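Q: just a sequence and a predicted model for now, questions to come.
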Amino acid sequence: MNEGKSRNYARAANLIMRNPLTVFGLAIIVVLFLLALFAPYIAPYPEQGQGLSNLQERLRPPSLIHPLGTDNLGRDLLSRIIYGARVSLKAAIIVVLIVIGFGAPLGLIAGYFGGKTDELIMRFADMILAFPSLLLAIAIVASTGPSLLNALVAISVPWWPWYTRLVRGQVISLKEMQFVESARALGASKLRIMFRHILPNCLSPIIVQGTLDMGYIILCLASLGFLGLGTQPPTADWGVMVNDGRAFLLTQWWISTFPGAAIFVTVLAFNLVGDGLREALDPKIRWRFQRA
Amino acid sequence: MLRYVLKRLIWLLVVLFGLCVVTFTLSRVVPGDPAAAYLGPRARPEQVELVRKQLGLDRPLYIQFAYYLRDLSRGNFGESLRTHRPVLQGILDHLPASLELMFAAITIALLFGIPLGVLSAKKENRFVDHFIRLFSVANVSVPSFWLGMIFQIIFFRWLGILPIGGRIDTVTALLHPIEKITGFNIIDAALTGNWEAFWSVSSHLVLPAITLGAYSTGLIARMTRSTMLEVLREDYITTARSLGLSEFEIHFVHALKNAIGPTLTAAGLCFASMLTGTFFIELIFFWPGLGSYTINAIFLNDYPVIMAVTILMALFYVVVNLFVDLLLAIADPRIRVQ
């Protein structure tokens, strides 16, 4: 079984690499992570990236010393965008971890025990899924007060049921398999079977889904930021930056345009990679590629 | 079939109850005292206490929740903290403008999305397909608020051919006022033969509708492409081709007929989720609809409005989902049996 899996991954990786769009998306994501990790070393004006204003240089258009121009407080836009990458990625990873940390165990429990427990958990999950997610997130932040923490919690609340469903589906098909039966025969406790044997085999779809969702989570965070409901100034946040530039849109167009382009390219990259992954792992499409 | 409908309706009630629990909890989580917020900053403590009793805020939580449910069922969503007028009235006043925008957006999404999806499927793996797929993914990834701003820069600032926002140009509104029949400016202007107003309204509708419809266009194109690809592999398509039917007829009549189901369900869901999209579009394009009404309420911490809009929008979303599911169940009997 292990040999088959690594063959599958190798084939999948090969298919992914064949698609130029997916490779492009992957490259962007790598660049993004590098920017986030090494922001203080890459950004030309790191203190401005973190919020220090420089009023003498307000509203300057793109030039050699400020490649993307400056904003209304004189801060170098390129540095702000680089620090914004750090903020967005950190926040998105936190949300994904919260969502998996809450949703996956619930799915595990629901799938393994079945019956009334399963029914109860899945009904609750379905109920949350019935609401429009962004609306719920906005309502939560609007009620609890605008802050990054509230925004992270607000985005996590409508999101975790997807992972519960995902894990539950995996668990239901896995729990009938040979290796679980053998573990049970050897006297392993239910807890041990769930966490030691079943959960590791659920990890790959969780990771794939989590990666795909990062793009949308970043978009949600930017949307909340645009409405002033997320990160608060002076922290660099792409959504907040786009909103800040609105008052200057027609004359100093770069203040909104570049941060917004950063959001767009990031979400696009994650979606392209997601599409590539889905195509590579979908057996029907793989078969079509092999025939050609 | 009836059993399925009943099951779904009961589930709808459960979801609605859950929604009320959520909004009630949120409205009590709000920082600050609702009574003090209601009266404003210059209220005296005795007045605040009196209002607290009036609003029932001194009762235990479960009694407050019961009152809350009773009020909701009577259509009493409270009063706006800003205007002290009924929230429901404010919502109904602003609704037609948003609906006009949403209908225009979904029309654009279907008009462009479906043919793009069909073409993409027909020319699978060729350059046209790759281009359309990239376009669709881009539409689905783009932040709507940013796209709107880019359009404003390009079409208003640089090209000067379209207005920056609003529903109608002020001078035209004064010289050729639109007689209100449906509340949809574009329909009313056409119905009354008010062509100056019609052109003004149309030109104001273009950019916001395209921006609001972008996500749906991408989604519908992707959906149509994938279902068309599956349908085109079916045997009856090969039969149709061998019978000598034209490619156009095969694609747009026979294949599309069978592929359209999932696409239309996606369109229904897109329409429902456009409600949240209006928050951003109406803000940027100064469109006086439900979205800007809600955004203003958020900025002013007008909690009754925020909660009421949340309930009603969620209700709308859930009902549209149910409607779409029921349509699917009618079309595909396999779903009812699950």
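A: Structure received.

Q: helix/strand/coil for the closest residue to chain B within the stretch 151-292 of chain A?
A: Nearest residue of the stretch 151-292 of chain A to chain B: residue A:260, at 3.2 Å (C-beta to the nearest C-beta). The C-beta positions use only the backbone N, C-alpha and C, and glycine is treated the same way. Assigned with DSSP: H, G, I helix; E, B strand; the rest coil, residue A:260 falls in the helix class.

Q: excluding its backbone neighbours, what's nearest residue A:133?
A: residue A:158 (3.6 Å; C-beta to C-beta, 6 or more residues apart in numbering or on different chains).

Q: in the stretch 51-200 of chain B, which spans are helices?
A: B:61-73, B:87-122, B:127-141, B:144-151, B:170-175, B:185-191, B:195-232 (DSSP state H, counting those that start in this stretch).

Q: that should have said the stretch 1-150 of chain A, apologies.
A: Here the stretch 1-150 of chain A has its helices, by DSSP H, counting those that start in this stretch, at A:2-18, A:20-37, A:39-42, A:46-50, A:77-113, A:115-130, A:133-144, A:148-174.

Q: the ones you listed: lowest mean pLDDT?
A: Mean pLDDT values for those show the minimum at helix A:2-18, a mean of 63.

Q: residue nearest the centroid of chain A?
A: residue A:214 (1.2 Å; C-alpha atoms, centre = their mean).

Q: and the closest residue to residue A:80 other than its chain neighbours, how many neighbours?
A: Take residue A:80 and drop its neighbours on the chain: the residue closest to it by C-beta to C-beta, 6+ apart is residue A:236, 4.7 Å away. Per other C-beta atoms under 10 Å in any protein chain shown, the neighbour tally for residue A:236 reads 27.

Q: wait, what's in contact with the residue of the stretch 151-292 of chain A closest to chain B?
A: Neighbouring residues of residue A:260 by C-beta atoms under 8 Å, 6 or more residues apart in numbering or on different chains: A:238, A:242, B:143, B:145-146, B:149-150.

Q: which one (most neighbours) among these?
A: That'd be residue A:238 among these, by other C-beta under 10 Å, with 30 neighbours.

Q: so that one touches residue A:262, yeah?
A: Yes - counting by C-beta atoms under 8 Å, residue A:238 does reach residue A:262; the two are 5.4 Å apart.

Q: intersection of neighbour lists for the two?
A: Common neighbours of residue A:238 and residue A:262 (criterion: C-beta under 8 Å, 6+ apart): A:81, A:84.

Q: okay, now the unreliable bits of chain B?
A: Along chain B, segments meeting pLDDT under 70 span B:30-38, B:331-338.

Q: give me the spatial nearest neighbour of the residue in it that chain A sits nearest to, chain neighbours excluded.
A: Nearest residue of chain B to chain A: residue B:146, at 3.2 Å (C-beta to the nearest C-beta). Excluding its sequence neighbours, the residue lying closest to residue B:146 (C-beta to C-beta, 6+ apart) is residue A:260, at 3.2 Å.

Q: could you do residue B:113 as well?
A: Using C-beta to C-beta, 6+ apart, the nearest residue to residue B:113 is residue B:220, at 3.1 Å.

Q: residue B:191: which of the helices of the stretch 1-150 of chain A is closest?
A: helix A:133-144 (33.2 Å; C-beta to C-beta).

Q: let me have the helices of the stretch 1-150 of chain A in a markdown table, adding mean neighbour count and distance to residue B:94 as columns.
A: Output for the helices of the stretch 1-150 of chain A, formatted as a markdown table (neighbours: other C-beta atoms under 10 Å in any protein chain shown; distance: least, C-beta to C-beta, whole Å):
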| stretch | mean neighbour count | distance to residue B:94 |
| --- | --- | --- |
| helix A:2-18 | 12 | 47 |
| helix A:20-37 | 16 | 39 |
| helix A:39-42 | 15 | 42 |
| helix A:46-50 | 20 | 40 |
| helix A:77-113 | 22 | 32 |
| helix A:115-130 | 16 | 25 |
| helix A:133-144 | 24 | 16 |
| helix A:148-174 | 21 | 24 |
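
Q: quick one: contacts for the residue lying closest to residue B:190 once chain neighbours are set aside?
A: Leaving aside its sequence neighbours, residue B:190 sits nearest to residue B:198 (C-beta to C-beta, 6+ apart; 5.6 Å). Counting by C-beta under 8 Å, 6+ apart, residue B:198 makes contact with B:186, B:189-190.

Q: highest neighbour count among the residues you listed?
A: Result: residue B:189 is most packed of these (other C-beta under 10 Å), 24 neighbours.

Q: would you check how far apart that one and residue B:321 are?
A: Distance, residue B:189 to residue B:321, by C-beta to C-beta, to the nearest Å: 33 Å.

Q: and residue A:155, by the same measure?
A: From residue A:155 to residue B:321 the distance is 21 Å (C-beta to C-beta).

Q: picking that back up, wait, the residue of chain B closest to chain A sits on residue A:256?
A: Yes - between residue B:146 and residue A:256 a contact is recorded at 7.2 Å, counting by C-beta under 8 Å.

Q: who touches both of these two?
A: In contact with both residue B:146 and residue A:256: residue A:242, using C-beta under 8 Å, 6+ apart.

Q: what are the buried residues along stretch A:263-283?
A: Buried residues in stretch A:263-283, counted by 16 or more other C-beta atoms under 10 Å in any protein chain shown: A:263-264, A:266-277, A:279-281.

Q: for residue A:198, what are its contacts?
A: A:108, A:112, A:171, A:174-175, A:180.

Q: how near is it to residue A:48?
A: Counting by C-beta to C-beta, the gap from residue A:198 to residue A:48 is 50 Å.

Q: what residues does the stretch 201-338 of chain B put near chain A?
A: B:272-273, B:275-276, B:279-280, B:284, B:295, B:298-299, B:301, B:303, B:306-307, B:310, B:313-314, B:317-318, B:321 (C-beta under 8 Å from any C-beta of the partner chain).
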